[in-house]
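Visitor: 3D model of this:
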Amino acid sequence: MSILKKLASQTAIYGVSSLFGRFLNYLLVPLYTYYFSTEEYGVVSEFYAYAGFFSVLLLFGFETGYFRFRDKEQPKRDVTYSTALLFILLLNLSFLSLIWYLNPGLSSALHYPDHPEYVWWFSLILVLDAVAAIPFARLRAEERAFRFAGIKVLEILITVGLSLWFIVYCPKLRAQGITLWPVQFYDPSIGVGYIFIANLIASCAKFIILIPQLAGLRWGFDWTLFKRMLRYSGPMVVIGFAGIINEMLDRALLKYLLPYDATTNMQMLGIYGACYKLSILMSLFIQAFRFAAEPFFFAYAGNVDAKEVYAKVLNFFVIFCVFIFLLVTLYIDFFKHFVGEAFRAGLHVVPILLFANLCLGIYVNLSIWYKLTDKTLMGAGVSLFGALLTIALNIYWIPTYGYTGSAWATLICYATMAIVSYALGRHYYPVAYDLKRLLGYIGLGVGLYWANLELTPLSWTPAWIRATELLLLYLLSVAWFERKQALSA
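Guide: Below is the predicted model of the structure:
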């Protein structure tokens, strides 16, 4: 239990920093949309849409590769770390050289011939973030969660502060004729480019803070180890791309496949996108769990009771995810106020998307089989199958069922990937997961959700009281069953 408590505490630290960071980033959205036109903000949306794909390419799966081959016997001379970092540095410097050579032709192709600096700034952000990912991975492996979270939060604070300075205060001070030296460098013609500049400076600050971790470069490059890491990490690129397709493709396809006029299609897309964000609590927990669990799974793999611990981790993971599912769905009358009234027509997809993310979290847990057995190529096959399933279901269902079809496609994709991964894991790395227990908790959560729906038109009890009663019933049921299992063990 001490091991599980340690994993839980690490997840909590990553979770708090992620939640804080997401909250501050959300505060930037009204700032940007108030000070820039829809066309100007479209530039930002377009560039940051590329970020997910390039982050996968420029890291090339070596973050996970580092966890797999980390030199635990010689922590003071971690050749795995220096090998991974040198490769990522070389890869990203090559990428920057290519961008330098292709610009401004690339800017013209993207329809920004007057602003080739946008491409250059954005490329620098991508490179700094990719190179920083390896030192961050080492912090996670060394269980230095507070330093990891502190640097991440500082980066976000710098981004927010500089965004306010460049976008709000500099124009006002300039208009008032104030000529402080920082204001003298402000150029109104840069406009939306200051969003990139703020992000770039924050990424530079993060990189500077991580410089002590770069001292590990002196440990050198192991060519034989690199080839092993490349064989292991290469398929992770496919897994990463497939994951982005599963996560983001539905919102890209809705605009083109919905059977309405262009204006209505965009309205439907807006409703779906806003309601998708109501599943953020589940997404944040899964992200925080991944930060803590990935190095934990690799570090604990050599222990005699590793598989038993992995089974317990999934058990408690499902318990907490079902709790989040019930928290949001039972108190939906509260959470709906996070979106405007016009967007609430899509609230019926929120439970579907929450359940889809629960399945994704289960898949994350189950995916240890291909990471620990070096079967990453097979893992890539599972992810690629999920991506193809996502594409097919969206193309088939969106014209008939609209964005509800997209939500169901997401759920079926993640559930299928979890089932396939479980089946393959039983063969290559069998873990005695307690399926009856897991499915029991999931069934209990779904049952309480449906009970709430059935009781809503019949009950005179205020919705929040009924929701609290059902949530307490879930917690008491879990506590009783877990205690019963502990006594019988």
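
Visitor: roughly how far is stretch 235-248 from the heart of the chain?
Guide: 12 Å (C-alpha atoms, centre = their mean, to the nearest Å).

Visitor: farthest residue from the center of the chain?
Guide: Distance from the centre of the chain peaks at Gly177, with 43.8 Å (C-alpha atoms, centre = their mean).

Visitor: got the contact list for it?
Guide: Counting by C-beta atoms under 8 Å, 6 or more residues apart in numbering, Gly177 makes contact with nothing. For glycine as for every other residue, the C-beta is placed from the backbone atoms N, C-alpha and C.

Visitor: could you do Leu411 as well?
Guide: Going by C-beta under 8 Å, 6+ apart, the list of residues near Leu411 reads 352-353, 355-356, 359.

Visitor: name the helix or strand for it, please.
Guide: helix 403-428 (DSSP states H and E).

Visitor: next SSE downstream of that helix?
Guide: Tracing the chain past helix 403-428, the next element assigned as helix or strand by DSSP H and E is helix 435-455.

Visitor: just give me the residue closest to the centre of this protein.
Guide: Nearest to the mean C-alpha position of the chain, by C-alpha atoms, centre = their mean, lies Gln287 at 5.3 Å.

Visitor: filter the contacts of Leu411 to the buried ones?
Guide: Taking 16 or more other C-beta atoms under 10 Å as the criterion, what is buried in those is 352-353, 355-356, 359.

Visitor: out of those residues, who's nearest Ser367?
Guide: Using C-beta to C-beta, Cys359 comes nearest to Ser367 of the buried ones among the contacts of Leu411, at 12.4 Å.

Visitor: find the nearest non-adjacent residue to that closest one, please.
Guide: Excluding the flanking residues, the one nearest Cys359 by C-beta to C-beta, 6 or more residues apart in numbering is Tyr414, at 3.8 Å.

Visitor: quick check: the gap between Gly440 and Leu86.
Guide: As for Gly440, its distance to Leu86 is 49 Å (criterion: C-beta to C-beta, to the nearest Å).

Visitor: more neighbours: which of the two?
Guide: More crowded of Gly440 and Leu86, by other C-beta atoms under 10 Å: Leu86, with 18 against 15.

Visitor: got the contact list for that one?
Guide: With C-beta under 8 Å, 6+ apart, Leu86 has these contacts: 217, 221.

Visitor: Arg140 now?
Guide: Arg140 sits next to 148, 291-292, 294-295 when contact means C-beta under 8 Å, 6+ apart.

Visitor: ok, back up a step: may I see the buried residues of the helix holding Leu411?
Guide: 403-418, 420-422, 424-425.

Visitor: distance from it to the middle of the chain?
Guide: How far helix 403-428 lies from its chain's middle: 18 Å, per C-alpha atoms, centre = their mean.

Visitor: specify the angle between it and helix 435-455 in degrees.
Guide: 160 degrees (axes from the mean of the first three to the mean of the last three C-alpha atoms, to 10 degrees).

Visitor: which elements pack onto the host helix or strand of Gly361?
Guide: Per DSSP H and E: Gly361 is located in helix 350-366. Judged by 3 or more C-beta pairs under 8 Å, 6 or more residues apart in numbering; DSSP states H and E, the packing partners of helix 350-366 are helix 262-276, helix 280-300, helix 306-330, helix 403-428, helix 435-455.

Visitor: mind putting those into CSV with mean pLDDT?
Guide: Converted to CSV, the helices and strands packed on helix 350-366 look like this (pLDDT from 0 to 100):
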stretch, mean pLDDT
helix 262-276, 77
helix 280-300, 79
helix 306-330, 92
helix 403-428, 93
helix 435-455, 92
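
Visitor: format these as CSV; extra columns: distance to Gly243.
Guide: CSV is the format used below for the helices and strands packed on helix 350-366 (distance: least, C-beta to C-beta, whole Å):
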stretch, distance to Gly243
helix 262-276, 16
helix 280-300, 11
helix 306-330, 18
helix 403-428, 10
helix 435-455, 22
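
Visitor: which one of those helices lies nearest to Phe136?
Guide: The nearest among the helices and strands packed on helix 350-366, by C-beta to C-beta, is helix 280-300 at 9.0 Å.

Visitor: okay, the closest one in CSV with CA atoms only?
Guide: Taking C-alpha atoms only, helix 280-300 is exported to CSV below (Å, rounded to 0.1, in the frame of the first residue of the first chain):
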residue,chain,number,x,y,z
ILE,A,280,-11.6,18.0,-18.7
LEU,A,281,-11.6,16.6,-15.1
MET,A,282,-11.2,13.1,-16.4
SER,A,283,-8.6,14.2,-19.0
LEU,A,284,-6.6,16.0,-16.4
PHE,A,285,-6.5,13.1,-14.0
ILE,A,286,-5.4,10.7,-16.8
GLN,A,287,-2.7,13.1,-17.8
ALA,A,288,-1.4,13.5,-14.2
PHE,A,289,-1.6,9.7,-13.8
ARG,A,290,0.5,9.2,-17.0
PHE,A,291,3.2,11.6,-15.7
ALA,A,292,3.5,9.6,-12.5
ALA,A,293,2.7,6.1,-13.7
GLU,A,294,4.9,5.7,-16.7
PRO,A,295,8.3,5.9,-14.8
PHE,A,296,6.7,4.0,-12.0
PHE,A,297,5.7,1.0,-14.2
PHE,A,298,9.3,0.8,-15.7
ALA,A,299,11.1,1.2,-12.3
TYR,A,300,8.9,-1.4,-10.6
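
Visitor: what are the buried residues along that helix?
Guide: 280-289, 291-300.

Visitor: next: stretch 466-485.
Guide: 466-467, 470-471, 474, 478.

Visitor: check stretch 444-463 too.
Guide: Judged by neighbour count (16+ other C-beta under 10 Å), stretch 444-463 contains these buried residues: 444-446, 448-449, 452, 463.

Visitor: please list the residues outside it that contact it.
Guide: Against stretch 444-463 from outside (C-beta under 8 Å, 6+ apart): 322-323, 325-326, 329-330, 333, 351, 355, 466-467, 470-471, 473-474, 477-478.

Visitor: pLDDT score for Ser18?
Guide: Looking at Ser18, its pLDDT is 61.

Visitor: Leu210 now?
Guide: 90.

Visitor: so how many other residues sit close to the residue nearest to it when sequence neighbours are not counted?
Guide: Distances taken as C-beta to C-beta, 6+ apart place Pro135 nearest to Leu210, at 4.5 Å, with adjacent residues excluded. The tally of other residues near Pro135 (other C-beta under 10 Å) stands at 22.

Visitor: what's the offset of the helix or strand Pro135 falls within from the middle of its chain?
Guide: Following DSSP H and E, one finds Pro135 within helix 116-141. For helix 116-141, the separation from the chain centroid amounts to 16 Å (computed by C-alpha atoms, centre = their mean).

Visitor: that helix vs helix 280-300, what angle?
Guide: Using the same axes, to 10 degrees: helix 116-141 against helix 280-300 is 50 degrees.

Visitor: next SSE after helix 116-141?
Guide: Using DSSP H and E, the helix or strand that follows helix 116-141 towards the C-terminus is helix 145-164.

Visitor: dump the buried ones among the contacts of Leu411 to JSON lines, plus distance to Gly243.
Guide: Below are the buried ones among the contacts of Leu411 laid out as JSON lines (distance: C-beta to C-beta, whole Å):
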{"residue": "Ile352", "distance to Gly243": "19"}
{"residue": "Leu353", "distance to Gly243": "16"}
{"residue": "Phe355", "distance to Gly243": "18"}
{"residue": "Ala356", "distance to Gly243": "13"}
{"residue": "Cys359", "distance to Gly243": "13"}
